[in-house]
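Asks: one predicted model, sequence on top.
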Amino acid sequence: MEEIKLSPIIKNRYSPRAYDKKTLSKEVIYSLFEAARWAASSRNTQPWRFIYATTDNKVTWDKLFDCLIPFNQQWVKDAPFLMLALVQKTDPERNIERKNVAYDLGLAMGNFTAQAGHLGLYLRNMGGFSHETARKNFNIPDIYEPVVMVAAGYLGDENLLDDNLAVPKGADRIRRPLDQLIFDGDWSKLR
């Protein structure tokens, strides 16, 4: 198969652990959320919600930081932007569980990520956080589910990280080959 051309925004995306302390302007931050807002969602319900802080908002920043596991706290301290993404699990109009909310949030975060790349920002999505602490720190109602935390900012110098935080030098970004991802008709027919 010949090389498949991808947008540089997609091809060059990666999740760093070193961030420059340069703050993000409100205009930049709102453009990220605007990109997420335009994502597709089941029945156009837009079930995503976001709680964020910059290092300028110490109270909210500290509450978000407190949700992270210790490993993530080691390097997130330098990121100028921290966010918790949530989904509304229940459709309030029909009082039924929404089954596609994780997919919908994924689409919104895809837009958010693409906009970040367009602006020269880098993100790291983190599952390593306490849902219980998030609920307590932000009084999150039961109909919402915390899903992921995100650090964002301009790229910092990864050479300054402690060895236990740095990605090994020369490590390649590895992706599964397409023939391990695409099924032709049914599960037993791997391409």
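Replies: Good, I have the coordinates.
Asks: what residue is smack in the middle of this protein?
Replies: N125 (3.7 Å; C-alpha atoms, centre = their mean).
Asks: looks to me like it is in a strand.
Replies: Yes: assigned with DSSP: H, G, I helix; E, B strand; the rest coil, N125 falls within a strand.
Asks: that one touches R13, doesn't it?
Replies: No: N125 sits out of contact with R13 when judged by C-beta atoms under 8 Å, with a separation of 11.0 Å. (C-beta placed from N, C-alpha, C; glycine too.)
Asks: now do the helices in this protein.
Replies: Applying DSSP state H to the chain gives helices spanning 8-11, 26-37, 58-67, 70-76, 101-118, 131-138.
Asks: most tightly packed of those helices?
Replies: helix 101-118 (a mean of 20; mean count of other C-beta atoms under 10 Å).
Asks: and for that helix, what's in contact with it?
Replies: If you take C-beta atoms under 8 Å, 6 or more residues apart in numbering as the criterion, helix 101-118 is touched by 9-10, 12-13, 31-42, 45-48, 85, 87-89, 122-123, 125, 145, 147-148, 150, 152.
Asks: gap between it and the chain center?
Replies: Put simply, helix 101-118 sits 8 Å off its chain's centre (C-alpha atoms, centre = their mean, to the nearest Å).
Asks: dump that helix to PDB, restricted to CA.
Replies: Provided in PDB are the C-alpha atoms of helix 101-118 (Å, rounded to 0.1, in the frame of the first residue of the first chain):
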ATOM      1  CA  VAL A 101     -22.400  10.000  25.100                       C
ATOM      2  CA  ALA A 102     -18.800   8.700  25.200                       C
ATOM      3  CA  TYR A 103     -18.800   8.700  21.400                       C
ATOM      4  CA  ASP A 104     -20.200  12.200  21.300                       C
ATOM      5  CA  LEU A 105     -17.600  13.500  23.700                       C
ATOM      6  CA  GLY A 106     -14.900  11.800  21.600                       C
ATOM      7  CA  LEU A 107     -16.100  13.700  18.600                       C
ATOM      8  CA  ALA A 108     -16.100  17.000  20.600                       C
ATOM      9  CA  MET A 109     -12.600  16.200  21.900                       C
ATOM     10  CA  GLY A 110     -11.400  15.400  18.400                       C
ATOM     11  CA  ASN A 111     -12.500  18.900  17.300                       C
ATOM     12  CA  PHE A 112     -10.900  20.300  20.400                       C
ATOM     13  CA  THR A 113      -7.600  18.500  19.600                       C
ATOM     14  CA  ALA A 114      -7.600  19.500  16.000                       C
ATOM     15  CA  GLN A 115      -8.100  23.200  16.900                       C
ATOM     16  CA  ALA A 116      -5.300  22.900  19.500                       C
ATOM     17  CA  GLY A 117      -3.000  21.600  16.800                       C
ATOM     18  CA  HIS A 118      -4.100  24.400  14.500                       C
END
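Asks: how confident was the prediction at L161?
Replies: Per-residue pLDDT puts L161 at 59.
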